[in-house]
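Visitor: Pasted the sequence and its predicted model underneath.
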Amino acid sequence: MDWLLSTVQQYVSPDTLIALTVLSLVFFIGSLIAIPIILVRLPADYFDIRIPRPWMENHHPMLRVMGHIVKNVVGAIFLFAGFLMLFLPGQGLLTMLIGISMLDFPGKRKVEAKIIGQPAILSTVNAMRKKFGKPPLILAPDP
């Protein structure tokens with residue numbers, strides 16, 4: 001084990017390792033707090049691709065553009081943090097799902113439905129929603 005640590009220290013400074021450890025803990029604790037809050041607050045039909053999801057459509061165009069920019073930046077941060085959590089402690093797939101749901105790109109709804117449709121993820125999310133008295137998520141049936 002000592003050879004592994006010495007090899008890593010040849011390429012990465014101890015300060016960087018400490019910073020990565022602290023960042024990992026922040027992401028882990030942040031995801032434990034943020035993800036349940038976000039998933040419980042979603043409407044039950046949020047991932048049903050048959051139902052349209054307009055966002056800020058009745059707002060001033062400039063406010064809507066700024067909102068989309070902020071939403072995409074935050075979504076990219078969640079997606080990146082979720083990717084890191086695949087290798088570090090945290091709820092990587094759920095964090096990536098939240099990031100993807102905040103981003104705007106073609107085919108996004110199908111990607112979301114594919115991720116949330118995984119039995120392990122769907123059962124985890126629905127158990128969390130049940131704990132807070134929310135109905136389970138509704139998904140479109142497979143074609």
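Guide: Received it, and whenever you're ready, just let me know what you need.
Visitor: what ranges of this protein fall below the confidence cut-off?
Guide: 1, 89-90, 142-143 (pLDDT under 70).
Visitor: what's around Phe105, how many residues?
Guide: 9 (other CB atoms under 10 Å). Where you see a C-beta, it was placed from the backbone N, CA and C, and this is true even at glycine.
Visitor: how about it, secondary structure?
Guide: Secondary structure for Phe105, judged by DSSP: H, G, I helix; E, B strand; the rest coil, is coil.
Visitor: what comes up buried for stretch 32-44?
Guide: Buried residues in stretch 32-44, counted by 16 or more other CB atoms under 10 Å: Ala34, Ile35, Pro36, Ile38, Leu39, Leu42.
Visitor: same thing with stretch 121-135?
Guide: Result for stretch 121-135 [16+ other CB under 10 Å]: buried residues Leu122, Val125, Asn126, Arg129, Lys134.
Visitor: for stretch 133-143, same thing?
Guide: For stretch 133-143, by 16+ other CB under 10 Å, it's Lys134, Leu137, Leu139.
Visitor: Perfect, I'm done here.
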